[in-house]
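In: pasting a predicted model and its sequence here:
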Amino acid sequence: MAIAMNDAGDAMTLNPQGQWVPTQTAHNPTTGETLALDGGQWKPVPAGANPQWSASDLGVAAMRGVPVAGGVYEQSMSPADLARAKNFDVAHPYLSTGAKMAGGVVGTSAALAALPETGLAAAIGGPMLGAARGATPLARMFSGAAGGAGLGAADAATRGENPVTGAAIGGVTGAAAPALARAVDSARGALGSALAPVNRTTPAANMMRVGNVDFPLTGPEAAGNVEGQRYLENARQGTLGPAAKAQADAFDAARGQAQAAAQQAIRSSVGGAPQTVHDAAQIAQEGVQQQQALDRAYAQAHYENFGQMQGSIAPQAFANMGGAIRNQLAQGTQPAVIDDLITPAASRMLSHIDTTLGSAPINIQNRAVPITAPTAPGTQVAGVTLQGVDQVRKQLGSIASAANNRADARASKLVMDAFDQHIQNSVDSALYSGDPNALGALQDARRIWSTYMQTYQPQGAVGGIVQKMLGAKGATPSYDDIARWMYGANNIGASGTARGVAQQLRSILGEQSPQWQAVQQGLLSKILDATQGAAPAGAQKMATILDRFLTGPGQQFAREVLPPQTTALLDQYRQIMHRITPLRGAINTSGTAYHLASMARWTLNALMTIAGHHVAGPLGAIAGYAGHNVTDAMARGLNARAVARQLYSPAAAPLYAPRSAVGPLERYAGIAARAAPIGR
């Protein structure tokens with residue numbers, strides 16, 4: 001049954017019918033307690049709240065506040081002293097609570113200081129005494145929870161209370177303590193920063209430029225301050241409240257516009273409209289096909305013009321032509337050695353000269369001539385016209401193309417050069433008759449046709465790609481294939497094939513053509529619109545792409561495709577991407593910061609509510625809850641100002657950011673948390 005003292009000082013007991021009735025009382029002279037008769041048993045009556053107190057009461061409360069040691073101390077106290085101490089708790093709850101917390105902090109800190117700095121005792125004793133250990137906030141939270149639970153259970157056992165309840169309370173407070181201590185540290189610095197005037201200029205105080213475009217930087221980015229970057233990242237995640245997040249989002253939106261303007265400045269530097277990689281490949285292929293048709297028609301027109309010109313060389317000019325060429329080859333500064341084994345192509349060329357122009361009669365085969373041909377109807381061309389000479393030269397060129405070693409290729413070229421020189425000497429002599437411009441027209445036609453063949457049928461991989469773009473042999477490449485050939489598969493412009501294709505396309509399309517500008521715009525799209533999955537590449541990825549393109553294996557390709565003013569703008573953009581790439585440790589990649597902050601706020605709210613209830617009952621709980629929300633709202637407002645200062649103030653301004661290292665307040669926050677006299 002329950003016993004209580006009414007306002008008049010009479011002892012009352014609760015009878016079985018639920019009514020409070022007076023009961024007999026007695027005084028225990030030994031303990032100073034008042035006893036009341038409760039159903040046949042004498043039980044202590046709760047003492048009234050005596051307002052009188054002295055410094056000794058504060059000292060006793062401080063001693064009782066030391067975890068574990070305080071419980072042992074209570075067990076050694078006389079009943080009268082313990083009753084007086086509990087009366088002090090009731091009469092002066094704030095003084096008692098403050099004294100207990102001070103005693104807990106001092107006593108536990110002294111015990112912690114007595115531990116060795118290293119070794120098993122430090123590893124076990126530190127967390128057990130409230131020192132949260134761990135490299136990350138999450139690790140320190142678990143360390144604080146474990147240490148707080150152990151300390152709480154031991155403390156409850158020494159006070160004769162339920163160890164399970166003590167462990168639960170100690171675990172919760174120990175887990176929350178490091179996060180709350182860091183929040184206090186952040187709030188302290190944020191308050192100082194927030195109260196300072198905010199230099200919110202438009203544009204921001206810290207700028208880098210891409211051409212004429214200003215690109216804003218935050219203060220921590222400009223200063224290379226990892227702590228400040230971490231602080232702003234917390235704001236972006238909502239950890240510092242919606243007002244702070246709105247500040248960060250507004251700055252990022254303005255930066256996004258500046259970034260778009262910077263990219264547009266880069267694209268505008270090459271001319272033409274922006275093009276996707278796919279569209280650039282299509283425009284390039286169509287441009288190559290159109291230009292090839294024009295160049296072929298141009299080369300054929302020169303041969304047709306030459307074919308209508310009259311000119312012939314007297315047969316005497318070719319008498320012993322083969323011998324004359326052999327003498328010329330043998331008398332050079334580097335005489336040519338021609339045999340059937342090492343230089344078979346050159347050897348066949350000399351034999352062909354002997355059997356065509358050097359024979360008697362001259363025999364230039366053309367099985368397509370009319371039967372009216374002078375000799376051997378259907379098989380020969382009579383007379384040595386320049387058209388006939390060109391036919392022999394083409395035959396010699398076909399033979400020379402079969403040379404498969406360097407010696408044979410060199411010898412074949414010497415034979416062809418000697419042949420051309422002999423023809424030139426013959427035209428310049430009295431043995432030539434006809435249009436004096438015919439040989440020049442033939443040489444122009446040869447040169448133009450040679451350029452055409454080198455452009456559209458070059459040797460190696462580049463020639464094969466150009467032929468595929470032209471649709472040779474039924475090739476139907478996709479635009480993705482063409483883009484890969486033009487720009488490279490992985491690293492942009494890193495392969496020699498991509499550089500060769502770029503050179504060939506520029507030669508075909510022309511540097512000032514809209515088609516070449518489309519190729520350049522497609523390259524810029526491949527760089528600037530690079531993606532990570534479905535999202536645009538972040539600053540770090542973009543910086544890496546530009547590093548490889550401008551200073552790594554793609555730099556030669558960059559010079560081949562883009563004008564110098566464009567690569568200069570890209571380099572400025574590259575430096576900005578490096579500057580805005582978060583420093584190591586600035587980003588919480590696990591994404592737990594927001595959840596931990598929410599947990600800390602919830603825990604602090606609960607603790608303030610519990611503490612208020614402990615001090616003043618239901619009204620105290622309401623006051624504690626309301627007080628937390630008021631202070632939280634104030635803190636969020638201050639955070640918003642602090643974030644604005646970080647965003648817009650010059651890099652040289654003294655900007656606050658939480659420390660990267662774990663401070664003593666956070667490390668030993670469990671001491672103060674466990675010293676709180678909740679449940680005592």
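Out: That came through fine.
In: what number of residues lie near D480?
Out: 11 (other CB atoms under 10 Å). To be clear about C-beta, it is placed using only N, CA and C from the backbone, and glycine gets the same treatment.
In: for it, give its distance to V72.
Out: 79 Å (CB to CB, to the nearest Å).
In: likewise S426?
Out: From S426 to V72 the distance is 126 Å (CB to CB).
In: higher neighbour count, these two?
Out: Just comparing S426 and V72: by other CB under 10 Å the higher neighbour count belongs to S426, 20 against 13.
In: what distance do you get for the more buried one to K394?
Out: 18 Å.
In: next: G211.
Out: 54 Å.
In: between those two, which has more neighbouring residues?
Out: Neighbour count, other CB under 10 Å: between G211 and K394, G211 has more, with 16 against 11.
In: leaving aside the residues adjacent along the chain, what's closest to that one?
Out: A265 (4.4 Å; CB to CB, 6 or more residues apart in numbering).
In: F215 is in contact with that neighbour, correct?
Out: No: A265 lies out of contact with F215 (CB atoms under 8 Å); the separation is 10.4 Å.
In: so what's the closest residue to S401 other than its chain neighbours up against?
Out: In space, S401 comes closest to A345 once its chain neighbours are excluded; the distance is 7.9 Å by CB to CB, 6+ apart. Contacts for A345 (CB atoms under 8 Å, 6 or more residues apart in numbering) come out as 399-404, 408-409, 411-412.
In: so, low pLDDT: which residues of the stretch 151-300 of the chain?
Out: 176-203 (pLDDT under 70).
In: now do the helices in it.
Out: 163-195, 219-223, 226-236, 242-268, 277-307 (DSSP state H, counting those that start in this stretch).
In: by contact count, what packs against the fourth one?
Out: In terms of contacts (3 or more CB pairs under 8 Å, 6 or more residues apart in numbering; DSSP states H and E), helix 242-268 is packed against strand 206-210, strand 213-217, helix 226-236, helix 514-528, helix 564-580, helix 593-648.
In: before we move on, the earlier item: ok, so what distance separates the residue nearest to S401 from A403?
Out: For A345, the distance to A403 - CB to CB - is 4 Å.
In: where do the contact lists of those two overlap?
Out: Joint contacts of A345 and A403 (CB under 8 Å, 6+ apart) are 409, 411-412.
In: apart from its chain neighbours, what residue comes closest to the residue positioned nearest the centre of the chain?
Out: Residue closest to the average C-alpha location in the chain (CA atoms, centre = their mean): Q540, at 2.8 Å. Excluding its sequence neighbours, the residue lying closest to Q540 (CB to CB, 6+ apart) is T581, at 4.4 Å.
In: which ones are touching the one you found?
Out: So T581 contacts 538-540, 543 (CB under 8 Å, 6+ apart).
In: one more: E560?
Out: 493, 499, 502-503, 506.
In: which SS state does L341 fall under?
Out: Look at L341: counting by DSSP: H, G, I helix; E, B strand; the rest coil, its state is coil.
In: now stretch 310-321: buried residues?
Out: Buried residues in stretch 310-321, counted by 16 or more other CB atoms under 10 Å: 311-313, 317-318, 321.
In: closest to S96 out of those residues?
Out: G311 (125.2 Å; CB to CB).
In: quick one: that closest one from E304, how far?
Out: Taken as CB to CB, the span from G311 to E304 is 16 Å.
In: do the same with G150
Out: Relative to E304, and taking CB to CB, G150 is found at 102 Å.
In: of those two, which one has the most company?
Out: Taking neighbours as other CB under 10 Å, G150 and E304 compare with G150 leading, 21 against 10.
In: next, the buried residues of the host helix or strand of that one.
Out: In the assignment (DSSP states H and E), G150 maps to helix 137-158. Within helix 137-158, the residues that count as buried by 16+ other CB under 10 Å are 137-138, 140-156, 158.
In: go on, stretch 499-512?
Out: Buried-residue list, stretch 499-512, by 16+ other CB under 10 Å: 499-502, 504-506, 508-509.
In: quick one: which of these is nearest F557?
Out: R499 (5.1 Å).
In: by contact count, what packs against whichever strand or helix holds that closest one?
Out: If you go by DSSP H and E, R499 is part of helix 496-509. Applying 3+ CB pairs under 8 Å, 6+ apart, one finds that helix 496-509 contacts helix 277-307, helix 438-456, helix 460-469, helix 479-487, helix 514-528, helix 555-561.
In: let me know the average pLDDT across the helix or strand containing T13.
Out: Assessed by DSSP H and E, T13 sits inside strand 11-14. Averaging pLDDT along strand 11-14 gives 68.
In: stretch 399-411 too?
Out: For stretch 399-411, the mean confidence score works out to 92.
In: mind checking how far it is from the chain centre?
Out: 53 Å (CA atoms, centre = their mean, to the nearest Å).
In: ok, residues contacting it?
Out: 329, 336-338, 342-346, 348-349, 352, 412-413, 415-416.
In: can I get that stretch in CSV, CA atoms only?
Out: The C-alpha coordinates for stretch 399-411 follow below in CSV (Å, rounded to 0.1, in the frame of the first residue of the first chain):
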residue,chain,number,x,y,z
ILE,A,399,54.1,-3.5,-112.2
ALA,A,400,55.9,-1.2,-109.6
SER,A,401,53.0,-1.7,-107.2
ALA,A,402,54.0,-5.3,-106.8
ALA,A,403,57.3,-4.4,-105.1
ASN,A,404,57.4,-6.1,-101.7
ASN,A,405,60.7,-5.0,-100.2
ARG,A,406,62.4,-1.7,-99.8
ALA,A,407,65.1,-2.4,-102.3
ASP,A,408,62.6,-3.3,-105.0
ALA,A,409,60.5,-0.2,-104.2
ARG,A,410,63.5,2.1,-104.5
ALA,A,411,64.7,0.5,-107.7
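In: no more questions from me, cheers.
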